[in-house]
Structures are given as structure tokens and as C-alpha cells.
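>>> Below is the structure, and that's it, no one-letter string:
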């Protein structure tokens, strides 16, 4: 059911909703997990009540001060961006970021000619990429390479023997290449170089890295620029993620802004990606925040859009991928209403239509949920910290609608604050949609429309502070109206009249 907890301010509504219902539902759910999972989350203490029965796993959607990190956007919070990344990987057309022309396939003779021209009279090693930015131990891969007659593999830029094979860090992404052979590039060795290239392309599934110790270049039989002959890796969803080193702009590291005010602490994984210098800078920032003595400093440099990516947060290779004339940054620059219209206007045929069928359905549903909660005006790339409390709460609500969960208890804290009457009605329809999906919805609210549409009411009072904390009345609006101690019921039955606008008495002439 849709239940509303109401009452005068300070009477204990949020205590019941969040400190008791939410805390106990979360605690029970966490205790149902195995010991390994529980070690990462500390369950809350038991609420000081005799018993709570019938409670489901709980999700709290509060009007918090924190809206999210600088890298969170409307699209990422609602998972719209996840499906956009997949759409651009599967259906996007890759272009060269320098020449702005679509990339094409190239054959082995073309790659051989490039190597002969680029590395003439140099000793080069041909590496076949086996693993690209994946986590794991890869003991079986080392055993396979040893059986093929290779005594070493290059792991994260360092040659490591295949026997004995060291225990790699399974929580760090590794790049593993197979050193196929070393040769001096010259006209005499062209035939031998061609054989090595053929083997490397076979092991690397069409890809080979060629380096002379100073520079290294990737060649790909499937993806090459016809103008400058530059080769590219296959499209990967991480290429379009500004939370990953594979996709973020190297200048702003995915924030889209530069300047002292735009800096934010990096996670441990991001520090590893960004390098030791960035990690040291980040440590200095944290120590500066923890310092006890206040120093007089010059004003922080204002954050401005990153000149390298134009505020799009992504690297040039990601922005060079287009789908029906737009890159992913162009699409996320649209507001919710515009994005939904753009998707509806796509005319897809054949393979595109088959691949995009499920993706478009998911995107349309999530964009529709944002419209249902009155947020159709927000652009998809809007940064989460710039949202108001009500907008952030409704975005989280739209994200929960898209998750299609059932049997969950949702608890909301005054979701109608600051809403226009039209948006208020849309929000209540959304909450009823959650309830109709088989969920319990508990709302702490003062809004009259919300109270009247509730299927169950709990009035807390009779007053605030020490004089509150009691259940004054339960049931529907009529039950509250009949309760003598319910201030809410009394005002619902007999609304207060404004003292400057007394009741107007009509005369005989006005009766007609």
C-alpha cells in the first residue's frame, strides 16, 4: 500500500520512517547475506522497539544535502548512460579523431608496408595483445604460452617468465602481450618480418603492437584510418565511461572542468590509473583538508570547462564515434524530453533495428520515468551536485522505477517539497506505480493531496518534541478527522481561514 506518516513538525515522523523502519529493514537484509559480504557493510543496531513484523528490504530516498560526486550525472544516476554506451559500442561508426573520416579494415601487406616505412633500420619487437585491461591471475594463459614455446609474457609493460609464473594482483587490470619475435627492419629481412607479422596477427586476433624500445604503435587489420593509417582498438563500453581511464579525458580525468574548485579526491583505483604524480597531489590535498591550522591562501581558481574535451569529459577517440550523426556527448547534451524525441525519430533498418530493439525500449522507459516525475527539462549531462534536493530525490525515484524491483519497502522524505501542482500530481502517480508493482511505499509528508490519496495514514503527535512520539490516529482521512487529538484530522475537516479574509456573506442580489 501507499502509506503516509503525517503530523506536526518535530513529532517523530522521520524517527519512525528512517530510524526504525528503514534501519530494521536494512539490518535484516544485510544479516541474510553471507559472512564474506557482511564484512564490507556494518549492519545498523537494532531499533529500541519490542517487535517489527512484516517488513521487507528497505530503500530510503531522502532529500539529502549530498547529490553525488562530480562525475555523477543525470544519465549515470538513472542508468540511461549505461544503455547509451552499449548502443554506441554496438551501432556507432568509429571515425579517426584527427582526420574525421570513418575507419576501415586493412590487410597484412598494408601493415607490413607501414612497419617498413616507420621503423626502417630499427630493431623492433612484435607483440600480440592477448589481454587488454582485464583483471585476473592468468595462470592458464602462462601455461598455454609456455606450451607454445614462449618463455616470457609482457605484463603491464614488463617481461615476466612463464615458468615460474608469479601470482598477479587479481583486483588490478592487466595488459598482457605475447612477444612473438624481435627483428631488424630492412629490405633483406622483409620476408622474415612478414612471417612474424602473420604469426603475431594470428595470436592477437588481428592486432599487433610493434615497438623499438622508444616508441610503440598498434596495428589492427579491422580498424585503421584510410587517411593517416592510424590503427584503433575495438570499441569497448569503457571507452565511453568518464569514470575509467579507458574513456576519460586525460586533462580533466572525467570531471569536465579544470581549476582548483574542480579538483576532487581520486579513488585508489583512479590513483593507480592516473599515475604516481596524481596520487601524490591527491594525498597533499587530503592532508591539507585535515590540517588543524588555518592558512591564509589566495582564492581558489574558479572551475572552467576543460579545453581538451570541451566539458564532455571523454577522450577524443570516444567523441569520434558517431551514431546517426551524433556522438555520445551530443546526445547527452539534450534534455530528457529532447532525447526521447530523438530516439523516437530514429529510422532503423536491418541489423540496426534488430540490435537496437531492446536498447531503445530500456532507454525510452527510463526517460519516460524521468518525465513522469516532472524532470523532462533536465539535460542528461547535468552534473549531480548542481541539482536541488527535490530534483535529486526525484531522480533517485525514477532510477528505482527503472529497476523493476518488487517486494521492497520504499521510504521517502517529503518528496513534494517545492513542486508545482502539476508536478505534484505526476509524482503521486509515480508513487502509486511503485505500489502497483508490488512494493510498499511509506511517505513522510505534510502535503494535503498526498495525504488524501494515501491508502493508509499514520498521524503522529499530538505535539512536537517531548509532547510528540505517539500514534494519534491511523486509517483513512475520515478516521483522522474523527480523532479528537489529531491536529491533522481537524485541519483536514475544517481548514483554517485567513484572518484578513473573513467569510463572505452573500446578499439577495448576489444570490442570483
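Yep, that arrived. Here the structure is a predicted model, which means the values were calculated and not measured. Numbers count the residues shown, from 1 in each chain.
>>> Do I have it right that residue 248 meets residue 239?
No - shown here, residue 248 and residue 239 do not form a contact pair, counting by Cβ atoms under 8 Å, at 10.0 Å. All C-beta spots, glycine's among them, are computed from the backbone N, C-alpha and C.
>>> Any chance you could list residues touching both of the two?
residue 315 (Cβ atoms under 8 Å, 6 or more residues apart in numbering).
>>> For the chain, which helix or strand comes out least confident on mean pLDDT?
Ranked by mean pLDDT, DSSP states H and E, the weakest helix or strand in the chain is helix 276-290, scoring a mean of 49.
>>> Past that one, which element shows up next along the chain?
Later in the chain than helix 276-290, the nearest helix or strand by DSSP states H and E is strand 304-305.
>>> What pairs with that following strand, parallel or antiparallel?
strand 257-258 (antiparallel) (DSSP bridges).
>>> give me the number of residues near residue 30?
Residue 30: 16 surrounding residues under other Cβ atoms under 10 Å.
>>> which ones are touching the residue lying closest to it once chain neighbours are set aside?
Closest residue in space to residue 30, ignoring its immediate chain neighbours: residue 43 at 4.4 Å, by Cβ to Cβ, 6 or more residues apart in numbering. By Cβ under 8 Å, 6+ apart, the contact set of residue 43 is 26, 27, 30, 31.
>>> Need the buried ones from these selected in PyMOL.
To isolate the buried members of those in PyMOL, using 16 or more other Cβ atoms under 10 Å:
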select buried, resi 26+27+30
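>>> could I get the contacts of residue 43 as CSV with distance to residue 162 and secondary structure?
Below are the contacts of residue 43 laid out as CSV (distance: Cβ to Cβ, whole Å; DSSP: H, G, I helix; E, B strand; the rest coil):
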residue, distance to residue 162, secondary structure
26, 48, helix
27, 49, helix
30, 43, helix
31, 45, helix
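>>> And the residue sitting nearest the centre point of the chain, how close does it get to residue 376?
The residue lying closest to the centre of the chain (Cα atoms, centre = their mean) is residue 76, at 3.3 Å. Counting by Cβ to Cβ, to the nearest Å, the gap from residue 76 to residue 376 is 18 Å.
>>> just residue 89 next, same as before
As for residue 89, its distance to residue 376 is 27 Å (criterion: Cβ to Cβ).
>>> quick revisit: and of the contacts of residue 43, the nearest to residue 234?
Using Cβ to Cβ, residue 30 is the member of the contacts of residue 43 that sits closest to residue 234, with 39.8 Å.
>>> Let me know the pLDDT of the closest one.
What the model reports for residue 30 is a pLDDT of 86.
>>> rewinding a little: out of the contacts of residue 43, which is nearest to residue 197?
residue 30 (55.2 Å).
>>> ok, that closest one touching residue 24?
No - counting by Cβ under 8 Å, residue 30 stays clear of residue 24, with 10.9 Å between them.
>>> how about low-confidence regions in this structure?
63-68, 260-302, 502-512 (pLDDT under 70).
>>> Swap in 80 and give it another go.
Low-confidence segments of the chain (pLDDT under 80): 38, 40-44, 62-69, 259-303, 389-390, 393, 400-404, 417-423, 468, 495-512.
>>> Can you tell me the element the nearest residue to residue 424 once chain neighbours are set aside falls in?
Spatial nearest neighbour of residue 424, excluding adjacent residues (Cβ to Cβ, 6+ apart): residue 416 at 5.1 Å. Applying DSSP H and E as the criterion places residue 416 outside every helix and strand.
>>> can you pull the contacts of residue 416?
So residue 416 contacts 424, 427, 428, 445, 447, 449, 450 (Cβ under 8 Å, 6+ apart).
>>> what's the answer for residue 11, then?
By Cβ under 8 Å, 6+ apart, the neighbours of residue 11 are 460, 461, 462, 463, 464, 468, 469.
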